[in-house]
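Student: what follows is a predicted structure for the sequence shown.
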Amino acid sequence: MTNSTDSTDKPDPKQTHFGFKQVNAKDKENLVAGVFRSVADDYDVMNDAMSLGVHRAWKWFAIAQSGVQVGHKVLDLAAGSGDLSIKFANKVGPQGRVIVTDINPAMLEQGRRRLADAGCAGNVDFCLVNAEQLPFADNSFDCISISFGLRNVTDKDRALSEMARCLKPGGRALVLEFSQPTNDTLRRLYDAYSFNVIPRLGEMIADDRDSYQYLVESIRQHPPQEELKEMMAMAGFDKVRYHNLTGGIVALHIGYKY
């Protein structure tokens with residue numbers, strides 16, 4: 001007797017994490033989208049509050065390591081409110097181009113407003129993009145960045161492979177992301193701050209404790225430095241290296257394509 005149930009109705013057996021919860025892989029994108037719809041309006045204020053403003057230094061360091069020059073074409077994935085995009089747009093100048101992307105329409109709109117306020121208009125484009133399925137040709141960009149976004153991606157290996165595919169030979173990819181503190185004492189202090197303070201800040205500033213609880217949990221689920229380095233190498237990047245920032249609370253991974 002045949003089963004008449006459409007195969008599309010069957011649950012995807014592949015599981016992944018959403019914070020500390022195990023969820024169906026195909027559901028994670030919608031769950032993450034809900035988080036960022038909720039936090040979009042308070043995103044910049046919360047970034048400053050959670051990091052005590054240090055996120056600005058982390059992003060400037062990434063720009064300094066990017067190798068981006070006048071005339072370059074840059075893809076900024078999961079661009080959020082556009083902090084890196086603004087800096088890239090200023091570096092590439094009118095001869096260059098920055099493609100500002102996010103999977104979340106609310107966050108992309110935040111980025112559009114921020115770049116307009118910063119006077120970035122003639123050399124930027126905005127695109128609603130899933131990092132796992134980039135709609136760009138091979139060898140298109142001199143630099144591809146993803147800043148505090150990779151941990152929210154369901155299939156990180158696929159996203160990294162897509163970045164490698166779209167990067168020009170001679171280009172470099174940047175992955176700026178929360179990571180694992182290298183010192184045991186710092187790790188314990190950071191864990192205490194993350195789990196006890198950050199969700200409360202979310203509740204006080206954004207009236208949203210749950211989204212920032214997810215943020216903290218997603219950081220703990222993200223691959224540590226050496227594992228992510230290996231993932232980037234397996235995705236096709238050459239000479240992958242990383243810099244620990246603020247004792248490894250954040251790491252900047254850099255991969256090249258030759």
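Tutor: It's in. Quantities reported herein were computed from a predicted structural model and do not represent experimental measurements. Residues are numbered from 1 along each chain as shown.
Student: and the closest residue to Gly80 other than its chain neighbours, helix, strand or coil?
Tutor: Distances taken as CB to CB, 6 or more residues apart in numbering place Met107 nearest to Gly80, at 5.3 Å, with adjacent residues excluded. No exception for glycine: its C-beta is placed from N, CA and C like everyone else's. Secondary structure assignment for Met107 (DSSP: H, G, I helix; E, B strand; the rest coil): helix.
Student: Met107: how many residues sit nearby?
Tutor: 24 (other CB atoms under 10 Å).
Student: distance of it from Gly248?
Tutor: 27 Å (CB to CB, to the nearest Å).
Student: roughly how far is the helix or strand encompassing Met234 from the heart of the chain?
Tutor: Per DSSP states H and E, Met234 falls inside helix 225-235. Between the mean C-alpha point of helix 225-235 and the mean C-alpha point of its chain there is a distance of 16 Å (CA atoms, centre = their mean, to the nearest Å).
Student: any idea which element Gly122 lies in?
Tutor: Of the helices and strands defined by DSSP H and E, none includes Gly122.
Student: what about the closest residue to it other than its chain neighbours, neighbour count?
Tutor: Here the nearest residue to Gly122 in space, its sequence neighbours aside, is Pro94; by CB to CB, 6+ apart that works out to 5.9 Å. Using other CB under 10 Å as the criterion, Pro94 is surrounded by 10 other residues.
Student: Cys127: neighbour count?
Tutor: 15.
Student: that one contacts Arg97, correct?
Tutor: No - proximity of Cys127 to Arg97 does not meet the contact threshold set by CB atoms under 8 Å, at 11.7 Å.
Student: am I right that His243 is in a helix?
Tutor: No - for His243, which was evaluated using three-state DSSP, the result is strand, with no helix membership.
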